[in-house]
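1. the following block contains a protein sequence and its predicted model.
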Amino acid sequence: MGQFAYFPHTPEDIRAMLEKVSLRSLEDLYGDVPEEFVRKEEYDLPEALSEEEVRARFAELSARNVPMKVFVGAGAYDHYAPSVIPYLLSRSEFLTAYTPYQCEISQGTLRYIFEYQSMICSLTGMDVSNASMYDGPTAAAEAMMMAMASTRKKTRVLLSGALLPGVIKVVSTYAKFHGVEIGMVPAMGGQTCINCLKAELSKGDVAGVIVPSVNRYGIVEDHTGFADAVHAEKALLIEYCDPSALAVVKTPAEWGADIAVGDGQPLGIPLTYGGPYVGFMAVRKEHLRKMPGRIVGQTVDRDGKRAFVLTLQAREQHIRREKATSNICSNQSLMALYVTVYLSLMGADGLKKVNEISASGAKYLHDRLLATGKFEEAFPGKPFLKEFALRPLVPVDRLQEKLLEAGYFAGLQIEEGILTFCVTERRTKEEVDGLVSIIGEV
Amino acid sequence: MKYYDKLIFELSAEGRTGYSIPKNRFPAAGPLPEALRREEAPLLPQVSEIDVVRHYTNLSQMNFGVDTGFYPLGSCTMKYNPKINEEIANLPAFAGIHPLQPEKTVQGVLEVYYEMERMLAEITGMKAFTFNPCAGAHGELTGLMVMRSYHLSRGDGKRTKVIVPDSAHGTNPASAAVCGLEVVVVKSKENGRIDVNDLKPLLDDTVAGIMMTNPNTLGLFETEIREIAALVHAAGGLLYYDGANMNPLMGVVRPGDMGFDIMHLNLHKTFSTPHGGGGPGSGPVGVAAYLEPYLPLPKVVRNDDGTFSVLQDGNLSAGKVSGFMGNFGVILRAYTYLLMLGKENLRKVGELSVLGANYVKESLKDLYKLPIEGVCKHEFVFDGLFNDGAHDDVHGATTLDVAKRLLDFGFHAPTIYFPLLFHQALMIEPTETESKETLDAFIAVMREIAREAAEDPAILQDAPHNAPVRRPDETTAARNPILKFTDSKPCE
Amino acid sequence: MSKIMEGLLYSESHEWVKVEDGLAVIGVSDFAQKEMGEITYVDMPEVDDEIGKGETFGALESVKAASDLYSPVSGVVVEVNEELQDAPEKVNEDAFENWIIKVRMNDEGELADLMDAAAYKAMIGE
């Protein structure tokens, strides 16, 4: 057997090290393991490949993926990613570091997390943000558990039926095991129904309510009166947001929410078949001590220099163990850096432009699709940004097959009889026109 | 490392931009109704591209990674992160794929999931894996959901307790609590292993299972695992394996063969993917054959014709635990690693990681307290210096002081004050990718630090001496939290 | 060696109780604050919360630890020491002066289960 590039030991090194530990062979290192558990059979695994062979293997796999023009959002959006980001993220000081436990040699990580927290607070209008969560849906599940922990002895959490289906499923899974009863608040006319919400609240025992800022149909929801109704029952209002849209839409803070959660993916993170993305959570100051996850704070060092540390750790699993707010440990730190660099480059102005171009493209596509006569409006007159919903008047299967053949991923069936389309600033006018003409042929 | 004291916000000037996006080629959509618009633009930096590049380059230079130097952080398996992994993960043919794309357009992606599942099943002795959990703790929670789903599906609703050793990672009891299970602690014996006599009376028909890591957090193999497995199974409970400590068993021992029913792996530890300063990780969960129907969905399956599909529904499934199918980018890296490693190098991962740990332990145990003698696995725990400052000896240096002094010599510190069984715990894990020269250099420094501690402990107590900052005041940080830029001020 | 105040009642989990105007004034002992080190936060219940004897009503937090507070009596919280919100260090400065909550007791008989200063002193072995 030849030497392997990731193991630096020479045969002489191994001999000398074994001698130091007074053992004869590498097998002896497992002398305490019951004989029956030491595997004698060969593993059924492929033989080692060289780098060139690995590249060839991936060329083969890549060829089995069909590149598509993406006109679907539903929780993952094809926004533009500045070239600076992958370049900076590949710096090994960021990439190959662990969690910043030794703050003296982790000021880089700690500072960008502090910047990230600041930016999430700016976007949401909330007082404090944590250092990140896994993704949007799990952040919503964590918010549900936080609402339970904050409002003693309550048993229910309400979810809007206009939340993305994936969010509802993940929150419901966590709820089932955490011992939380889920109540659904239906959408009426494409928006979470406030009278239905009030009716559910009046049944009592509600710890929290999760509603979408921009919902599964792409509609920007009006939450007038939501916070008052929810707070009257001493429950927490949780807003599920698209952080990119927050550059223009009313913030969770402005709606009176207690917790804001969502997925940071729309901030330029590549689609990569669903991950890694990054969940975010920000809360009002009074809920800080119940917030899950890591938090970075500013302080001074022995010489009076500004320094950053992981703080308020007494909330966390490594100290509280079974009494912790959450079990989260590793989060998605590098993706938080992604978001931080993205927001630094884009600024409020760039983000606003992204919204304007996307919304213009979406409006254009929306109107052109209606003009084909193959659709009718799902929710007439409701305001939307980059994503919208239509009711197809032609068979969905035939439509999707035709689109697929032409290399378009568009018209996702978000629920029975409703298709959603999404246009980001990456879609050209030619692509949009192309999509319309293919649909016209169906 | 040099100190750099800017925040990106402090470089901001009205009118600067760092982006480049196309002009709007569509008719302008017009603004949202006023009631739905935010009042003020968010406070974000206004900086040019070079400002951003320099700022984050400067920040990176205050960071220590595996590529910077030796990182013996116990329980974290800070092995080398191969660069081909990064190259592959950034391939456009994967990066541009939407997670909801039709199956026939993502066959390459699905094949990676399928192949990865087969390889992990072979390495661990499990039957099937889900890749949906995004980190180790997320995997633990998912595994416990599978465990509860199994009991509940059999009408066994009273099994609400989970047994966790006192030496366990903090995530174990926390995951159990999140999953609605009550935690019962089983004690360790003098020799650091689970006390089987303490375990026996805990086992009854209210126990859902036990969570263990083997080797445990002291780096010691649980030699009575056969008895423990038999007892737990006889009581109707399941065995959960915390894969944080899988590295020493690679190619030598399979959790499935030891009787474990459910386990998670940390791809960002054992399978060489970079930790990214705290994630993204990936915590796939493997189960024995009889538990496969309880795994979360969606999940990739292979059809008879050799194509791949995504299974969306199943009556017994625990449910959906993340937005899509986990951190695919991380899974790609780990798959690349396994292709490079191959079956001929698998066993060396385990052996060399164990050899390195024992070598360091034997080379230092005359100067640092080794509470439990004998062969360790991939890591071991010292209980501080012989003349430590934990007690009334005011001149002594503590484990914290040793850790901080190590930074001056260009090493990352070991994990400190964990596990909780000892007061001055110093947990060292070298991994298989460190050379004898690196380990020798570390040993020499640890010996030098012990000498300094004996002769002039102030050197340790004042350490680090040449890091960008020195012992930030954590008490003030916690008492008066400053958690965002608008509350921050640079130092005078 | 920690301070022990005569005339107070003590629990095994290191809370002290003083009966004042028919209310149970509850704090933590000097021994407990010393064990915690620098206290960074005192988690307290809300006024009108009902608490049971032996139940947790809050926690003390330091940078690297958290310790739950257990109520020595059952009753309703009538006042919490707001000063500790912004100045948790007061518990370190004087654990007896700086009470945490006041409780209207359901059953004064529960006080009989607590230790006097001498018994508490013996328990902590000082």
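-> Looks like it came in fine.
2. now stretch B:152-162: buried residues?
-> Buried residues in stretch B:152-162, counting neighbours by 16 or more other Cβ atoms under 10 Å in any protein chain shown, are found at B:152, B:159-162. (Glycine included, C-beta is placed from N, CA and C.)
3. actually stretch A:343-362, sorry about that
-> Under the neighbour-count criterion of 16+ other Cβ under 10 Å, stretch A:343-362 has A:343-351, A:353-362 buried.
4. which among the residues you listed are in contact with chain B?
-> Subset of the buried residues of stretch A:343-362 in contact with chain B: A:343-351, A:353-354, A:356-357, A:359-362, counting by Cβ under 8 Å from any Cβ of the partner chain.
5. now, the residues you listed that are in helices?
-> Applying DSSP state H to these, the entries found in helices are A:343-351, A:353-354, A:356-357, A:359-362.
6. which positions in chain B make contact with chain C?
-> B:417, B:474-475, B:478-479.
7. okay if I get the residues you listed as CSV plus pLDDT, distance to chain A and secondary structure?
-> Shown next, in CSV, are these (pLDDT from 0 to 100; distance: Cβ to the nearest Cβ, whole Å; DSSP: H, G, I helix; E, B strand; the rest coil):
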residue, pLDDT, distance to chain A, secondary structure
B:Tyr417, 91, 10, coil
B:Glu474, 96, 5, helix
B:Thr475, 95, 9, helix
B:Ala478, 95, 5, helix
B:Arg479, 93, 10, helix
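8. which of those tops the neighbour count?
-> Ranked by neighbour count (other Cβ atoms under 10 Å in any protein chain shown), these have B:Ala478 at the top, with 25 neighbours.
9. give the contact list for that residue.
-> A:297, A:311-314, C:40-41, C:61-63 (Cβ atoms under 8 Å, 6 or more residues apart in numbering or on different chains).
10. contacts with chain B among these, please.
-> Answer for the contacts of B:Ala478 near chain B (Cβ under 8 Å from any Cβ): A:297, A:311-314, C:40-41, C:61-63.
11. show me what residue of chain A gets nearest to chain C.
-> Closest to chain C within chain A is A:Ala314: 3.7 Å, counting by Cβ to the nearest Cβ.
12. wait, a strand at that residue?
-> No: counting by DSSP: H, G, I helix; E, B strand; the rest coil, one finds A:Ala314 to be helix, located in no strand.
13. need the residues that contact the one helix or strand in chain A whose mean pLDDT sits lowest.
-> Sorted by mean pLDDT, DSSP states H and E, the helices and strands of chain A end with helix A:317-320, the least confident at a mean of 82. With contact meaning Cβ under 8 Å, 6+ apart, helix A:317-320 is reached by A:313-314, A:324, A:326-329, B:137, B:170-171, B:173-174, B:418, C:64-66.
14. and the residue nearest to A:Gly136 when sequence neighbours are not counted, what does it touch?
-> Distances taken as Cβ to Cβ, 6 or more residues apart in numbering or on different chains put A:Asp263 closest to A:Gly136, at 2.9 Å, once the chain neighbours are dropped. For A:Asp263, the contact set (Cβ under 8 Å, 6+ apart) comprises A:75, A:135-137, A:139, A:242-243, A:277-280, B:323.
15. which of the helices or strands spans A:Ala336?
-> helix A:333-371 (DSSP states H and E).
16. number of nearby residues for residue 38?
-> The chain I'm using is chain A. With other Cβ under 10 Å as criterion, A:Val38 counts 15.
17. my bad, chain C
-> 16.
18. let's see the pLDDT reported for it.
-> Here, the pLDDT recorded for C:Glu38 equals 94.
19. hmm, B:Lys377 is touching B:Phe221, no?
-> Yes: using Cβ atoms under 8 Å, B:Lys377 makes contact with B:Phe221 at a distance of 5.9 Å.
20. give the residues shared as contacts by the two.
-> What both B:Lys377 and B:Phe221 touch, as defined by Cβ under 8 Å, 6+ apart, is the set B:Pro215.
21. let me see the contact set for the nearest residue to A:Val423 once chain neighbours are set aside.
-> Setting aside the residues directly before and after it, A:Val423 is nearest to A:Gly361 in space (Cβ to Cβ, 6+ apart), at 3.6 Å. A:Gly361 makes contacts with A:386, A:423-425, A:427, A:429, A:432, B:26, as judged by Cβ under 8 Å, 6+ apart.
22. check A:Ala282 too.
-> Counting by Cβ under 8 Å, 6+ apart, A:Ala282 has contacts A:120-121, A:124, A:126-130, A:252, A:259-261.
23. got CSV for the ones next to chain B among the contacts of B:Ala478, with neighbour count and distance to A:Ser150 too?
-> Listed next are the ones next to chain B among the contacts of B:Ala478 as CSV, based on neighbours: other Cβ atoms under 10 Å in any protein chain shown; distance: Cβ to Cβ, whole Å:
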residue, neighbour count, distance to A:Ser150
A:Gly297, 26, 21
A:Thr311, 26, 20
A:Leu312, 23, 16
A:Gln313, 22, 19
A:Ala314, 22, 17
C:Thr40, 27, 20
C:Tyr41, 22, 16
C:Glu61, 25, 17
C:Ser62, 23, 23
C:Val63, 22, 23
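24. what about C:Ala122, how many residues nearby?
-> Around C:Ala122 there are 10 other residues, counting by other Cβ under 10 Å.
25. and after the one helix or strand A:Ile182 maps to, which helix or strand comes next?
-> Element membership for A:Ile182, per DSSP H and E: strand A:181-185. Sequence-wise, the next helix or strand downstream of strand A:181-185 (DSSP H and E) is strand A:187-188.
26. who does that next one touch, helix- and strand-wise?
-> Applying 3 or more Cβ pairs under 8 Å, 6 or more residues apart in numbering or on different chains; DSSP states H and E, we find strand A:187-188 packed against no helix or strand.
27. in its sheet, what does that strand sit against?
-> strand A:191-192 (antiparallel) (DSSP bridges).
28. next SSE after the strand it pairs with?
-> helix A:194-202.
29. quick check: buried residues in that following helix?
-> A:194, A:196-198, A:200-201.
30. near chain B, anything from that helix?
-> No: Helix A:194-202 stays clear of chain B (Cβ under 8 Å from any Cβ), getting no nearer than 14.1 Å.
31. can you name the next helix or strand after that helix?
-> Assigned by DSSP H and E, the successor of helix A:194-202 is strand A:206-212.
32. so that next one versus helix A:194-202, what angle?
-> Strand A:206-212 runs at 160 degrees relative to helix A:194-202, counting by axes from the mean of the first three to the mean of the last three Cα atoms, to 10 degrees.
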